[in-house]
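**Student:** here's my sequence, what's the structure:
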Amino acid sequence: MEEDRIDTKLVHSGEKPCPLTRALRVPVYMTSTFVYENFDELMKGRYFYTRIQNPTLEVLEEKLAEIEGGERALVTASGMAAITIAVMSCLEKDGRVVTSDIIYGGTHDLFTKILPRLGFEVSYVDFGDISRLEEELKRGASVVYFESPANPTMKVIDIEEVSKVAHEAGVTVLFDNTFATPYCQQPLRLGVDVNIESLTKYLSGHGDALGGAVIGRRDYILNLRGTWSTIFGATMSPLNAWLVLRGVKTLHVRMERHCRNAMVLAEFLEDHPKVKRVLYPGLPSHPQHEIAKKQMRCFGGMLSFEVENTTIAMNVMNNLRMSYIGVSLGDVETLVEWPAYMTHMTMPRKERRKLGITDTLIRVSVGLEDPDDIIEDFDQALSQA
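**Tutor:** Below is the predicted model of the structure:
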C-alpha cells in the first residue's frame, strides 16, 4: 500500500481473517491470562498475561503503527494514560518538560499537579514564537510537548519547525494529535518522535470506548510496554480495543463529513451577528491558516467561537435542541462544551484568560448530522440567547 493511501490502510492494516475459523473480524480475547500444557510450551508462547500483551490489542497496535507511519504502537486504557506514561518514560531525575502554553486541561493538570511533586520542572512557552522556544531550550530539557490544533483555542503550531528546533537542542518531541487524527495530519512524518492519540475520540468515533495510543520508534515502544505500561497497569480492555478497531475502519469516511460540516458551521457562525469571532483552521481568518494548509490534509471537525458575554454563552448552551452538552469529542453527534467551566475549569482563571480561554469561548465537536440541521440548531440557540 502506498504511504499516502490511508483510506485502504484504515480498512486493512493489521487485520487478517482468523486462520483457525476464517472469521473476518478479529476475536475479542477477553482473558486475563494464557495457559500452557507444559513449561516448554510456555517458554515458546507469545502471550502470558493481558496486562503485558493480548491478541486483540496487538492487532489494533499493528494497524495504528501503519496508519500513523510509526515503527510500533502501544495502546492504553485512556488518552491520559498514554500521555502520562509517554511523558514520564522520557524523564530522568531532575528532568524538565517544555510545553506549549495551550494544552488539554487534563494534560495541564498532569504538568502542574503531578510532575512538580515528583521533582520535574515544567515550563510553558508560546510555541508560535520559535525564538522564545529556542531560548527556553538553551536551559536544557528532556521533553518538548505540544498539540495542534490546540484544545480549545484551535491554535495551530508549526510541527516541522518546532521538531527541528527541539532536535537541534537534543530534545525528544512528544505530540498529541487527538484533534486532527492521522487522517488529517501525520506528525511522525513532520519530525515528531512520539505521537499520542486519544482513541476515545475520533478513532473510536462512537462514544462507546475508552483508550489511548502511543506511536513511535520500535525501541521506545518496547521500553514503554515492558516497563511503564506493565508497571502502571495502563492496559486497554480487549473489548475496548475491538470497539476501536471497528471505529478505525470508517475513520476516513467520518472525517470527510466531520471536516465538511465543521467548515459549513464555521462559515455560518462567522457571519452571525451574535458571534464575535470563529476559530477554525480552515477559515482564511484563522491566525495560523497558512500553517494549517501546509501541514494538514483537511482541517478537522473541531471549532471554537466567542460571543459577547457569559450570559449569551450560557443561553446558547441551554438553548441547543439537537446538539448535546458534553466534554468529549469526535462522536457522530455534535457535542458542545464551555471550556472555562468544563475541560479547563481547574486552570486558574487569570491564566485561562491570558491564553484566550475566556468565559465567552464555546467549543464545538461538529457531528455527522445533516449540515442544515446543525446550522438551524445553532441559529435558533444564538437568536434566543
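**Student:** only C-alpha atoms for contact and neighbour calcs from this point on.
**Tutor:** Will do.
**Student:** after the strand or helix carrying Ala65 comes which helix or strand?
**Tutor:** In this assignment (DSSP states H and E), Ala65 forms part of helix 55-68. Toward the C-terminus, helix 55-68 is succeeded by strand 72-76 as the next helix or strand (DSSP H and E).
**Student:** partner strands of that following strand and their direction?
**Tutor:** strand 212-216 (antiparallel) (DSSP bridges).
**Student:** give the buried residues for the lowest-mean-pLDDT helix or strand in the chain.
**Tutor:** Across the helices and strands of the chain, the lowest-confidence element by mean pLDDT, DSSP states H and E is helix 39-44, at a mean of 82. Neighbour counts over helix 39-44 (16 or more other Cα atoms under 10 Å) mark no residue as buried.
**Student:** doesn't Ile103 make contact with Tyr124?
**Tutor:** No. Counting by Cα atoms under 8 Å, no contact exists between Tyr124 and Ile103, whose distance comes to 9.9 Å.
**Student:** who has more neighbours out of these two?
**Tutor:** Ile103 (23 against 16; other Cα atoms under 10 Å).
**Student:** would you mind giving both backbone torsions of the more buried one?
**Tutor:** Per-residue torsions, Ile103: phi -140, psi 170 (degrees, to the nearest 10).
**Student:** and for stretch 33-51, what's in contact with it?
**Tutor:** For stretch 33-51, contacts defined as Cα atoms under 8 Å, 6 or more residues apart in numbering pick out 31-32, 53-55, 230, 233-235.
**Student:** stretch 233-253 too?
**Tutor:** With contact meaning Cα under 8 Å, 6+ apart, stretch 233-253 is reached by 6-7, 10-12, 26-30, 50-52, 54, 56-57, 60, 75-78, 81-82, 183, 199-200, 202-206, 208-212, 229.
**Student:** and stretch 331-342, by the same measure?
**Tutor:** 152, 201-202, 205-207, 317, 323-329, 343, 345, 349, 352, 357-359, 361-369, 374.
**Student:** against Glu134, how distant is Ala141?
**Tutor:** Per Cα to Cα, to the nearest Å, Ala141 is found 11 Å from Glu134.
**Student:** cool, and Lys44?
**Tutor:** Lys44 is 49 Å from Glu134, where distance means Cα to Cα.
**Student:** equivalent analysis for Leu42, please.
**Tutor:** Per Cα to Cα, Leu42 is found 51 Å from Glu134.
**Student:** in the stretch 101-250 of the chain, which spans are strands?
**Tutor:** Ranges of strands in the stretch 101-250 of the chain, per DSSP state E, counting those that start in this stretch, are 121-125, 143-147, 172-176, 194-198, 212-216.
**Student:** any idea of the mean pLDDT for the second one?
**Tutor:** Regarding strand 143-147, the rounded mean pLDDT is 98.
**Student:** so what strands line up beside that strand?
**Tutor:** Strand 143-147 sits in its sheet next to strand 96-100 (parallel), strand 172-176 (parallel), going by DSSP bridges.
**Student:** run through who's touching the first one.
**Tutor:** The reference is to strand 96-100. 120-127, 136-137, 140-147.
**Student:** and those residues, which are buried?
**Tutor:** Here, 16+ other Cα under 10 Å leaves 120-125, 127, 137, 141-147 buried among those.
**Student:** from the residues you listed, which is closest to Glu168?
**Tutor:** Lowest distance from Glu168 to these (Cα to Cα) belongs to Leu137, with 9.6 Å.
**Student:** quick one: that closest one and Ala166 touch, right?
**Tutor:** Yes. Leu137 is within contact range of Ala166, at 7.4 Å (criterion: Cα under 8 Å).
**Student:** tell me the domain ranges of the protein?
**Tutor:** Per the record, the chain has its domains at 6-248, 251-383, by automatic domain parsing.
**Student:** and the last one, how far apart are its ends?
**Tutor:** Its first and final residues considered, domain 251-383 spans 34 Å by Cα to Cα.
**Student:** ditto for stretch 16-31
**Tutor:** Termini of stretch 16-31 sit 21 Å apart (Cα to Cα).
**Student:** and if you look at stretch 119-133?
**Tutor:** First-to-last distance for stretch 119-133 - Cα to Cα - comes to 22 Å.
**Student:** do stretch 48-56 as well
**Tutor:** 14 Å.
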